[in-house]
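J.: A predicted structure for the sequence below; I have some questions about it.
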Amino acid sequence: MNANLLPGNGKQPLLARMEPCAHVLHIYEDDGVFLDTLEGFVSGGFRGGETVVVIATPQHLYALDHRLQAAGRDVRALRSQGDYITMDARDALDRFMVDGLPDEALFAAAITRVIHGAQVGGKRVRAFGEMVALLWADGRRGATVQLERIWNTLCRENGMSLFCAYPRGADDANALVEIRALHSHVIATGEESAA
């Protein structure tokens with residue numbers, strides 16, 4: 001997969017009209033910028049009549065819900081209608097990691113099942129997953145790459161779009177080359193815009 005590098009100001013149109021099988025990566029330095037991007041991704045899904053699945057840390061889920069409510073979204077109604085599905089990223093990891101690596105059968109039971117349920121009635125799904133960022137932060141590079149590959153297979157098989165984000169770290173520049181290659185688009189901010 002060859003990633004298209006997008007400047008930071010080009011992210012909103014892409015996120016509003018995510019194509020099936022798009023897998024977008026955002027490497028960010030500031031939590032506020034990340035949350036702006038995530039909110040745009042989620043809101044684009046709601047506007048497009050898609051089911052939105054967000055697997056994130058409790059802190060990011062709380063902040064996202066607050067932002068959506070401030071923008072006039074009825075988060076409780078969206079959840080009860082099945083249009084907005086959220087999961088704790090660390091809890092999700094615990095369901096499918098075996099000996100430090102993602103197990104595909106357990107991933108299918110924990111995550112693929114949720115995606116299939118979200119597609120009821122032929123609805124398109126867009127998902128955000130922060131599990132890869134948690135693995136990356138834990139220094140589990142091989143597990144991160146393996147999980148990105150599992151997500152790519154799920155995207156292709158289900159015609160869904162996927163967004164993931166990694167906080168930028170001082171030692172990440174070379175290590176992220178393989179991660180970038182596993183995405184269809186990369187949102188560039190800061191130093192990457194000039195690359």
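T.: On my side now, so go ahead. Numbering: from 1, shown residues only.
J.: just for the protein, where's the confidence low?
T.: The chain contains residues with pLDDT under 70 at 1-16, 170-175, 188-195.
J.: please enumerate the helices of it.
T.: With helices called from DSSP state H, the chain shows them at 11-16, 31-47, 58-70, 75-80, 89-96, 104-107, 113-118, 131-137, 141-158, 172-181.
J.: if the residue nearest the centre of the chain is in a bridge, with which residues?
T.: With distances taken as CA atoms, centre = their mean, Phe128 lies nearest the centre of the chain, 2.5 Å away. Beta-bridge partners recorded for Phe128 (DSSP bridges): Val54, Phe163.
J.: so who does it touch?
T.: With contact taken as CB atoms under 8 Å, 6 or more residues apart in numbering, Phe128 is in contact with Leu38, Phe41, Val42, Val52, Val53, Val54, Ile55, Ala56, Leu162, Phe163, Cys164, Ala165. In this view, the C-beta of every residue, glycine as well, is placed from N, C-alpha and C.
J.: most neighbours, which of those?
T.: Highest neighbour count within the contacts of Phe128, by other CB atoms under 10 Å: Phe163, with 29 neighbours.
J.: that one and Glu39 touch, don't they?
T.: No - with contact defined as CB atoms under 8 Å, Phe163 does not reach Glu39; the gap is 11.4 Å.
J.: spatially nearest residue to Ala92, not counting backbone neighbours?
T.: Spatial nearest neighbour of Ala92, excluding adjacent residues (CB to CB, 6 or more residues apart in numbering): Ile55 at 5.3 Å.
J.: before we move on, the earlier item: adding distance to Ile187, write the helices of the chain out as a markdown table.
T.: Rendered in a markdown table, the data for these read as follows (distance: least, CB to CB, whole Å):
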| stretch | distance to Ile187 |
| --- | --- |
| helix 11-16 | 5 |
| helix 31-47 | 7 |
| helix 58-70 | 17 |
| helix 75-80 | 25 |
| helix 89-96 | 20 |
| helix 104-107 | 25 |
| helix 113-118 | 23 |
| helix 131-137 | 14 |
| helix 141-158 | 16 |
| helix 172-181 | 11 |
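J.: now, of the ones you listed, which is deepest in the fold?
T.: The highest mean neighbour count among the helices of the chain, using mean count of other CB atoms under 10 Å, belongs to helix 131-137: a mean of 22.
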